[in-house]
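[1] Here is a sequence together with a model predicted from it:
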Amino acid sequence: MSDNEPWSDQWRRQAIRANELDTAATMLEEAKSAVLAERKSRLGDITDAKAERLVKASREWMDYITKMVDARSKANEAKIEAEWMKMKYWESAGERADERTIARLG
């Protein structure tokens, strides 16, 4: 980001990034049940409870959960960054308004 770029443009780009990351995290979260079912079906003819226990105990499942949580964390961080940019804009606007008021009074 350039210091010369308006805050509104910086915020817009960050908000779009946050939305893209949120979409990716949501896709992983929404697919969790389908991924579990697919992995259980790979185990063949065993009870559903045993298949679920085996899948959830696997490194592959832990990697999926870790990826899902990391994706949500990145999306949340991007949202926080976008909100920070919005706050910086309003702080900047307030400082400029104060400067104008001081100039009128001075």
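    It's in.

[2] residues making contact with stretch 81-96?
    Here stretch 81-96 makes contact (CB atoms under 8 Å, 6 or more residues apart in numbering) with 7-8, 10-11, 14-15, 17-18. Backbone N, C-alpha and C define where each C-beta goes, glycine included.

[3] worst-scoring helix or strand of this protein, pLDDT-wise?
    helix 59-105 (a mean of 88; mean pLDDT, DSSP states H and E).

[4] At the geometric centre of this protein, which residue sits there?
    Centroid check for the chain by CA atoms, centre = their mean gives A75 as the closest residue, at 0.7 Å.

[5] Tell me which residues touch it, please.
    With CB under 8 Å, 6+ apart, A75 has these contacts: 18, 21-22, 24-25.

[6] With neighbour count added, can I get those residues in a markdown table?
    Shown next, in a markdown table, are the contacts of A75 (neighbours: other CB atoms under 10 Å):
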| residue | neighbour count |
| --- | --- |
| A18 | 20 |
| L21 | 19 |
| D22 | 17 |
| A24 | 16 |
| A25 | 20 |
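
[7] quick one: which of those residues sit in helices?
    Counting by DSSP state H, the contacts of A75 place 18, 21-22, 24-25 in helices.

[8] M85 and I102, how far apart?
    Separation of M85 from I102 (CB to CB, to the nearest Å): 26 Å.
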